[in-house]
Every structure is written in C-alpha cells, then in structure tokens.
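Visitor: sequence first, then the predicted structure:
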Amino acid sequence: MTNLTIALDAMGGDIGPHVTVPASLQALASNPKLTLLLVGHPDSISPLLANQNAELLTRLRVIPAYETIAGDAKPSQAIRQSKGTSMRIALELVKEGEAQACVSAGNTGALMGLAKLMLKSIDGIERPALMTVVPNQKKGKTVLLDLGANAECSSEMLVQFAVMGAVMAEDVAGIPHPRVALLNIGEEETKGLDNIREAATVLKSIPDINYIGYAEGNELLTGKTDVLVCDGFAGNVTLKTMEGVIRVILSMFKSQNEGKSSSLLYRAVKKVVKKVVTKWLNKRFSHLNPDQYNGASLLGLRGIVIKSHGAANVSAFNAAITQAVQTVEKQVPERIASRLAMVLPKSN
C-alpha cells in the first residue's frame with residue numbers, strides 16, 4: 001500500500017493537541033508512507049507545529065473543526081449535537097474516502113454511536129465490538145474483545161466477536177489457526193451464564209474456528225488462548241484491572257523520598273539497589289506496559305475506527321496510530337466480511 005491516510009480527532013482525550021500533535025509527528029517520522037489529517041481547532045494545533053521538521057509537515061494537514069464533544073457528555077445527546085465537532089468530521093473523512101481510518105481519544109460512547117451511524121456495520125454483525133491486542137507471558141499476543149461497546153451480549157454476538165477476534169489474531173497479530181476461548185467463571189462446561197454456554201455450543205460446531213473452551217480471568221496474560229471473548233462489561237473490568245496491576249508493578253521501585261533519619265550510606269546503597277531492580281523489572285515486564293498496546297479497534301464496521309485511552313500520553317497515542325496503520329494495511333473489515341460469509345453463511 002503506497003498511500004496511507006489517517007484522520008485524527010486532534011481535540012479528543014484529556015489533554016487534546018498537546019498529546020495528539022506530538023504523537024502525530026512521531027508517527028510521521030517512523031512511517032514515510034503515512035499522511036495524517038489533524039481535525040481540530042487551528043489555533044490550538046498550529047502553535048505546536050511551529051519549527052517542526054519541514055518534510056513531516058508536508059504529510060500533515062490541519063482540518064478545521066471548532067467544536068468538541070466533551071468527555072463526560074451523554075452519548076445520545078453528544079451524537080445529536082455532533083455537527084462540526086472534531087470527532088464527527090474525522091469520521092466523515094473516512095466515510096467520504098478521504099481517509100482510510102479514524103483515531104480518537106474522545107468520548108467512547110459518542111465515538112461508537114457516531115461510527116456505527118456513519119460507517120454502518122458489516123453484514124452479519126449485530127453490533128461492533130471494541131478489541132485490543134495485549135501481550136502475554138509467553139511473549140506472544142492475545143486478542144481481547146469486547147472491551148465495553150456492549151455491556152450485555154447475546155450468544156449470537158459472542159459468536160460474531162469470536163469470528164472477528166480470530167481474523168485479528170490471524171491476519172494482524174500473525175497467529176496461524178488462533179485458539180479461541182470464552183471468558184467464564186470456571187472451565188467446566190456447566191459453568192457460566194446461558195449466553196456463554198449457548199455461544200460455546202455454536203463455536204464447537206464451526207470447523208474454521210479453533211475453539212478450545214472456557215478461560216478464567218487469571219489466564220489472560222498466561223498465553224493459554226490467542227483470542228478471549230466476553231461481553232463489554234466483563235472485558236472492560238478485566239482490561240482495566242490488568243492495566244492497573246501492571247502499572248503498580250512497574251512503578252514499585254521508583255525513587256521515593258528518604259526519611260531524614262536514614263544514613264548517607266543507607267540511602268546510597270538503597271539507591272543502587274533500586275536502580276538495579278528497576279532495570280531488571282523494566283527488562284522483564286516492559287512488554288506488558290499498557291502504553292505499548294494502547295488503541296482499541298472498533299471491529300464490525302465497514303470502516304476502520306481506533307479508540308485511544310482518554311488519558312493516553314504521547315507514546316500511547318502514537319501506538320494507537322500504529323494500530324490504525326496495521327488495520328488498514330491488513331484490510332481487516334474486508335477480511336471479517338469474507339470470514340463471516342464462510343463460517344456464518346446464514347447471517348448474510
């Protein structure tokens with residue numbers, strides 16, 4: 001693919017342009033094929049582009065948008081009042097074919113609602129799902145969905161998520177014949193809610209899906225499965241709990257203020273020990289750092305939409321842009337539609 005254009009909601013997120021603009025410049029510097037459309041208020045974006053690399057700026061264009069959807073706005077109201085906002089204009093660029101994907105750190109509910117309204121779902125998909133790829137203990141990758149787009153899911157939706165997750169694992173994460181599991185409160189077949197057990201029955205009957213059964217929450221990072229499927233409520237809680245624990249681990253040995261009573265020798269020795277241990281922790285667990293896998297794909301749409309954490313830093317938002325690039329290059333919507341036609345012909 002020679003030309004690659006991504007639209008960014010530059011005003012979305014907790015910090016807006018002060019994160020999205022530097023991240024954009026990093027993404028452009030690392031990918032010479034990339035062009036970015038920064039959608040937002042020019043007065044907020046332009047000063048951050050001053051004195052930047054001239055070549056990078058030739059592949060960056062500011063698309064004016066003078067309104068923003070607030071992060072705490074009620075999704076239904078935000079969608080009705082979305083005309084002229086940076087999020088809606090970024091999605092319109094995808095709908096009109098001027099961009100191949102949209103990345104936003106803005107209001108999750110509004111983004112999902114607008115994306116479904118404007119880009120429409122793939123035939124056979126009842127509702128889109130939020131998906132991310134997380135690293136596991138075996139230095140591999142695990143696809144996790146849904147992460148919050150659908151708090152309650154029917155068995156049919158869980159099966160559709162499994163198909164989409166398998167496509168992402170195979171075509172984006174590069175995992176041949178990926179193992180698919182359903183998140184449950186136990187591995188026994190009799191455990192779990194009706195929709196989970198009904199989905200399990202259907203998945204067992206699909207030859208093209210390598211369904212391996214149930215997985216519990218404590219197995220997310222072990223590498224037991226390549227795709228873990230659940231409803232949005234369980235997925236959101238699972239992911240945020242995991243991220244919180246990892247951040248605590250990575251910050252455990254950061255420098256702390258010593259008490260006045262500590263001797264000079266004690267403080268010096270402790271400083272050296274902390275430095276050594278911190279270096280080991282970063283080497284051992286850095287691949288689990290949530291900033292490195294920021295970016296949740298809204299799967300099941302005819303266009304590509306990536307949701308970044310609202311609190312993402314520059315590095316994390318750059319990771320979301322990278323996720324968008326990979327999803328475009330692998331033509332994920334087309335692959336999902338093709339796989340659905342093969343494994344769930346009755347849904348079309």
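Guide: Thanks, I have the structure now.

Visitor: can you pull the buried residues of stretch 67-78?
Guide: By neighbour count on 16 or more other CB atoms under 10 Å, the buried set for stretch 67-78 is 67-69, 73, 75, 78. For the C-beta atoms, the positions are set from N, CA and C on the backbone; glycine is no exception.

Visitor: now the end-to-end length of that stretch.
Guide: Counting by CA to CA, to the nearest Å, you get 11 Å between the two ends of stretch 67-78.

Visitor: next: stretch 70-78.
Guide: 8 Å.

Visitor: pLDDT of it, averaged?
Guide: On average, the pLDDT along stretch 70-78 is 92.

Visitor: that stretch: how far from the chain's middle?
Guide: From the chain centre to the centre of stretch 70-78 is a distance of 20 Å (CA atoms, centre = their mean, to the nearest Å).

Visitor: likewise stretch 11-21?
Guide: 17 Å.

Visitor: give me the mean pLDDT for that stretch.
Guide: Stretch 11-21 comes out at a mean pLDDT of 95.

Visitor: quick revisit: can you list the buried residues of stretch 67-78 in a markdown table and add secondary structure and distance to E126?
Guide: Output for the buried residues of stretch 67-78, formatted as a markdown table (DSSP: H, G, I helix; E, B strand; the rest coil; distance: CB to CB, whole Å):
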| residue | secondary structure | distance to E126 |
| --- | --- | --- |
| E67 | strand | 31 |
| T68 | coil | 31 |
| I69 | coil | 25 |
| A73 | coil | 26 |
| P75 | helix | 19 |
| A78 | helix | 23 |
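
Visitor: in these, find the pair that's most separated.
Guide: E67 and P75 (16.0 Å; CB to CB).

Visitor: hmm, back to that, ok, of the buried residues of stretch 67-78, which one's closest to V328?
Guide: Of all the buried residues of stretch 67-78, I69 has the smallest distance to V328: 24.0 Å, by CB to CB.

Visitor: I'd say that closest one and S82 touch.
Guide: Yes. Between I69 and S82 there is a contact at 6.3 Å, judged by CB atoms under 8 Å.

Visitor: if I look at those two, which residues touch both of them?
Guide: Applying CB atoms under 8 Å, 6 or more residues apart in numbering, one finds that I69 and S82 are jointly contacted by 88, 110.

Visitor: and the strands in the stretch 151-300 of the chain?
Guide: 179-183, 210-215, 227-229, 296-299 (DSSP state E, counting those that start in this stretch).

Visitor: so which of those is nearest V159?
Guide: Nearest to V159, of all these, is strand 227-229, at 8.5 Å by CB to CB.

Visitor: and the closest one, what's buried?
Guide: So strand 227-229, judged by 16+ other CB under 10 Å, has buried residues 227-229.

Visitor: do the same with stretch 76-95
Guide: Buried-residue list, stretch 76-95, by 16+ other CB under 10 Å: 78-79, 82, 85-95.

Visitor: list the contacts of the spatially most central residue of the chain.
Guide: The residue lying closest to the centre of the chain (CA atoms, centre = their mean) is A296, at 1.5 Å. Applying CB under 8 Å, 6+ apart to A296 gives the contacts 130-132, 147, 306-308.

Visitor: beta partners for it?
Guide: K307 (DSSP bridges).

Visitor: for M112, see how far away it is.
Guide: 10 Å (CB to CB, to the nearest Å).

Visitor: overlap in contacts of those two?
Guide: 130, 307.

Visitor: wait, isn't E216 in contact with E187?
Guide: Yes. Here E216 reaches E187: they are 6.9 Å apart, a contact under CB under 8 Å.

Visitor: show the contacting residues for V227.
Guide: Taking CB under 8 Å, 6+ apart, we find V227 in contact with 142-145, 162, 165-166, 168-169, 178-181.

Visitor: just give me the closest of those to V328.
Guide: Using CB to CB, M168 is the member of those that lies nearest V328, at 13.4 Å.

Visitor: give me the neighbour count for that closest one.
Guide: 28 (other CB atoms under 10 Å).

Visitor: that one - nearest residue in space that isn't next to it in sequence?
Guide: V143 (5.0 Å; CB to CB, 6 or more residues apart in numbering).

Visitor: ok, now how distant is the one you found from Q81?
Guide: 34 Å.

Visitor: count of neighbours near the residue nearest to K141 when sequence neighbours are not counted?
Guide: Distance criterion CB to CB, 6+ apart; nearest residue to K141, sequence neighbours excluded, is A173 at 4.5 Å. A173: 18 surrounding residues under other CB under 10 Å.

Visitor: show me the contacts for A173.
Guide: Contacts of A173 (CB under 8 Å, 6+ apart): 133, 141, 143, 226.

Visitor: returning to what we had before: which of E216 and E187 has more neighbours?
Guide: E216 (15 against 12).

Visitor: related to what we said a few turns ago, any chance of the contacts of A173 in JSON lines, with neighbour count too?
Guide: Putting these into JSON lines (neighbours: other CB atoms under 10 Å) gives the following:
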{"residue": "V133", "neighbour count": "23"}
{"residue": "K141", "neighbour count": "21"}
{"residue": "V143", "neighbour count": "29"}
{"residue": "D226", "neighbour count": "26"}
